[in-house]
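1. Sharing a sequence plus its predicted fold:
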There are 2 protein chains.
Amino acid sequence: MELDRTEVSGVGVLMQLRAYLAQAQLPENGRLPPERELAAELGVSRAELRKALATLAAEGRLWRHVGKGTFLGNRPLDATTDVTAMVRRTNPAEVVKARLALEPEIARLAALNATPGQIMQMRDCLARSREAETWRQYEMWDNHFHRAIGEATQNSLLLGLLDTLSAVRRAVSWGRLRGEHLRPAADHHSFAAHEAIVAAIEERDMSGAAAAMRLHLLSVERNLHEGQLFGEEEFPQARARRRSA
Amino acid sequence: MELDRTEVSGVGVLMQLRAYLAQAQLPENGRLPPERELAAELGVSRAELRKALATLAAEGRLWRHVGKGTFLGNRPLDATTDVTAMVRRTNPAEVVKARLALEPEIARLAALNATPGQIMQMRDCLARSREAETWRQYEMWDNHFHRAIGEATQNSLLLGLLDTLSAVRRAVSWGRLRGEHLRPAADHHSFAAHEAIVAAIEERDMSGAAAAMRLHLLSVERNLHEGQLFGEEEFPQARARRRSA
DNA sequence: TCGTGAACCAATCTCCGATTGGGCTGGACC
DNA sequence: GGTCCAGCCCAATCGGAGATTGGTTCACGA
C-alpha cells in the first residue's frame, strides 16, 4: 500500500496522484484528504498538488468545493427548484394556461395507463368532492382527483411536474378561498366535467380524455376571466378595484 | 398603548389577545413575542394564552412552529421540490415521455407568443449547435434552444416547469455523454427537426410547431429505444447487459 | 375538578471555532 | 531573472455548544 515516492516523484505529480487514488480504495463519491494533508503525504508542494487536482477536476473525475473538500465522482446538482420563486413571478392566468398545456396530455396518458384501481380512486375523489361541505374541502378532493390522474400516467416525472404545478397553484390562489360556510352547488359545472374525464379514461379514449380535461380547464379559465374563482367568489383585488372606482 | 388588564381580563383571553394584536402594529408576517413572555405581559397563564393562540391559528390569522416562534399571516409553504428525489425515481424513458407531453404544447404557445427577437435567439442557438465541436457543446446549445422556446411562451410558470424537466433530464443522462472528441454529424437528424420547429413558430403555425416538436421528440425516443443516445453512444447499462449475456 | 406553574422535550436558531479549497506574496534557490 | 515554495490570509462550510421556542406532561393546590 505504500508508494515509493522517490521512484515516482520524477514522473509528475499527476501520475503520482492517479496512483494514490487507485491504491486508496475510496468508495464512490468518497472524500479525499484535505489538500495540505495530501500534499504532505505525497511529499509534494501544495501548488503542484493543486495543479494535478485541477486536471482531474477538469476531467470530471473529481470535484471540489471551498469549505467542503475534494470528492470523487461527479459534482451533485443543486437539486432544488424554488416554488416560491415561481409564485412570485406568476399569476392565476399563467397558472391556468400552464394547466391547459400539461393536464390534457396527462389525461391522455392516464387513459392509456390507468389501472382499474386507479380509476376507482378517481371516482372516490369525485364522490367525496360532491359531499364536501366547504369550498376548502372541495378543493382538497379536487386536488386529489387531478393528482390521481397524474398517478395513473405511471410516470413519476410527470407526476412530479404536476405536483409542482399544483403547489404553485395553491400558493397563488391562497387567501382567495373565502366563504367557508358555503359549499359548491350540487350542479357545479366541475362535477359534470370531472365525470366526463373519468368516463373517457375508463373507456381508454385517449383523445377524449385529453379533450374533456381541456374543456374542464377552459371553463375554469372562463370563470377566472369573469372574476369568479370557484364559481362564486371573486378576487379580493377585483372587489377592491371596483370599490375604489 | 397600555392595556387595562383588570378591565379586559374577565372578557376572555382571546379578546385580550386580539386587542393586543391590534394595538401592537406588527408588520405583515411579523413575529409575536414568545409564549412565556406574552403570557406574562398580558397577565394570563401560559395555558390560557395557548388556547387563544390556537384559536387564532385555526382561523389562519397566525401560524406557529417549534423553535421558530409565532408569526402573523399564512404559513409559508415548504417551497422546494427536490429534483434529486425525482431523479432517483425516474428513468430516461419517463423523461422522454414527459417531454412529449409538455414540449409540444410549449411549442404551440411559443408560436402564438414569440417575439421576433426570441425567434432570432432560437436561430442563434441552432447555428451555434451546428458549430459545436463536442457533444457536450452541442447538448448545451440544444438546451438553450429548447429553453428559448419556453421563454417564448411568455409564461414564467411553464418556463419553470420546463427548467425542472431539463434539470432532471440532465441528471438522468449524466455520464452517458461520452466521446468528447467526436462531434455531431453534419446531417444529424436533430438539425432538420429543429429547423422545422423554428420555421413553424415563425409562421405562427401553432399546430405545426407542436407537431414538429412532437416529431423531433419521437425521433429522440426512437434513438433511445435503439440504445444509441445522441445518435452514437449507447447506455453503459445496455453494453454491460449485452456483455453478460 | 380544574387550572396553574414548573419541568421536560424536540425542533430550531445563533454564535463561535475549526476546517477547507482558493489565492496572494516575499523570499530562497538555481 | 525566473521558478518554485512555504507561509499567510480569505471566504465558504462544517460541527458543536448553548439558548430559544412551541408542544407536552405532571404534581400540586384552590
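-> Everything's here; your move.

2. Residue A:152: neighbouring residues, count only.
-> By the criterion of other CB atoms under 10 Å in any protein chain shown, residue A:152 has 25 neighbours. Heads up, the C-betas are built off the backbone N, CA and C, glycines and all.

3. cool, and residue A:217?
-> When neighbours are counted by other CB under 10 Å, residue A:217 comes out with 22.

4. Quick check, it in contact with residue A:98.
-> No - shown here, residue A:217 and residue A:98 do not form a contact pair, counting by CB atoms under 8 Å, at 9.9 Å.

5. So out of everything in chain A, what residue is nearest DNA strand D?
-> Going by CB to the nearest atom of the strand, DNA strand D is nearest to residue A:67 of chain A, at 2.4 Å.

6. which phi and psi does that residue have?
-> phi 80, psi -20 (degrees, to the nearest 10).

7. angle of the helix or strand that contains residue A:111 against helix B:92-113?
-> In this structure, residue A:111 sits in helix A:92-113 according to DSSP states H and E. Between helix A:92-113 and helix B:92-113, the angle comes out at 140 degrees (axes from the mean of the first three to the mean of the last three CA atoms, to 10 degrees).

8. on that earlier part again, for the residue of chain A closest to DNA strand D, give its distance to residue A:34.
-> 11 Å (CB to CB, to the nearest Å).

9. same check, this time on residue A:46
-> Relative to residue A:34, and taking CB to CB, residue A:46 is found at 10 Å.

10. swap in residue A:189?
-> Distance, residue A:189 to residue A:34, by CB to CB: 65 Å.

11. In a helix, residue A:16, correct?
-> Yes - the assignment for residue A:16 by DSSP: H, G, I helix; E, B strand; the rest coil puts it in a helix.

12. Is it in contact with residue A:44, as I believe?
-> Yes - using CB under 8 Å, residue A:16 makes contact with residue A:44 at a distance of 7.1 Å.

13. and residue A:67 and residue A:34? which has more neighbours close in?
-> Neighbours per residue, other CB under 10 Å: of residue A:67 and residue A:34, the larger number sits with residue A:34, 11 against 4.

14. Kindly list the main-chain dihedrals of that one?
-> Note on residue A:34: backbone dihedrals following degrees, to the nearest 10 are phi -60, psi 160.

15. residues contacting it?
-> By CB atoms under 8 Å, 6 or more residues apart in numbering or on different chains, the contact set of residue A:34 is A:69, A:70.

16. Quick check: pLDDT value at it.
-> Predicted confidence (pLDDT) for residue A:34: 96.

17. Likewise for the one 4 residues further on?
-> Reading off the per-residue confidence, residue A:38 sits at a pLDDT of 95.

18. That one reaches residue A:52, doesn't it?
-> No - applying CB under 8 Å as the test, residue A:38 and residue A:52 come out as separate, 9.9 Å apart.

19. now the strands for chain A?
-> Under the criterion DSSP state E, chain A carries strands at the ranges A:62-65, A:69-72, A:80-82.

20. How many residues are close by residue A:50?
-> As a burial measure, residue A:50 scores 16 neighbours (other CB under 10 Å).

21. distance of it from chain B?
-> Distance, residue A:50 to chain B, using CB to the nearest CB, to the nearest Å: 24 Å.

22. mind listing what that residue touches?
-> With contacts defined as CB under 8 Å, 6+ apart, residue A:50 is in contact with residue A:35.

23. again with residue A:70
-> Shown in contact with residue A:70 (CB under 8 Å, 6+ apart): A:31, A:32, A:34, A:35, A:53, A:62, A:63, A:64.

24. Now the second one. Nearest residue, chain neighbours left out?
-> This means residue A:32. Leaving aside its chain neighbours, residue A:32 sits nearest to residue A:70 (4.2 Å; criterion: CB to CB, 6 or more residues apart in numbering or on different chains).

25. Okay, now the unreliable bits of chain A?
-> Residues of chain A meeting the criterion pLDDT under 70: A:1-11, A:78-79, A:175-181, A:186-187, A:227-245.

26. How about the residues of chain A by chain B?
-> Listed as neighbours of chain B in chain A under the rule CB under 8 Å from any CB of the partner chain: A:74, A:76-77, A:79-86, A:89-90, A:94-95, A:97-98, A:100-102, A:105-106, A:108-109, A:155-158, A:160-161, A:163-165, A:167-168, A:170-171, A:174-175.

27. Which strand residues bridge the residue nearest to residue A:32?
-> Beta-bridge partners for residue A:70, by DSSP bridges, are residue A:64.

28. can you tell me how far it sits from chain B?
-> Residue A:70 sits 19 Å away from chain B, going by CB to the nearest CB.

29. Surely residue A:64 touches residue A:58?
-> No - counting by CB under 8 Å, residue A:64 stays clear of residue A:58, with 11.2 Å between them.

30. The two: who's more crowded?
-> Using other CB under 10 Å as the criterion, residue A:64 and residue A:58 rank with residue A:64 on top: 16 against 9.

31. Now for the more buried one: which residues touch it?
-> Residues in contact with residue A:64 (CB under 8 Å, 6+ apart) are A:53, A:57, A:70, A:71.

32. how about residue A:196, what does it touch?
-> Residue A:196 neighbours (CB under 8 Å, 6+ apart): A:212, A:215, A:216.

33. again with residue A:145
-> So residue A:145 contacts A:122, A:125, A:126, A:129, A:194 (CB under 8 Å, 6+ apart).

34. Could you show which parts of chain A are in contact with DNA strand D?
-> For chain A, the residues in contact with DNA strand D (CB under 7 Å from any atom of the strand) are A:44, A:45, A:46, A:47, A:48, A:65, A:66, A:67, A:68.

35. tell me the helices in chain A, going along the chain?
-> Under the criterion DSSP state H, helices of chain A are mapped to A:5-8, A:13-23, A:35-42, A:46-59, A:83-89, A:92-113, A:116-131, A:135-152, A:156-172, A:189-202, A:206-225, A:236-244.

36. So for residue B:20, which of those sits nearest?
-> Smallest distance to residue B:20 across those (CB to CB): 25.8 Å, for helix A:236-244.
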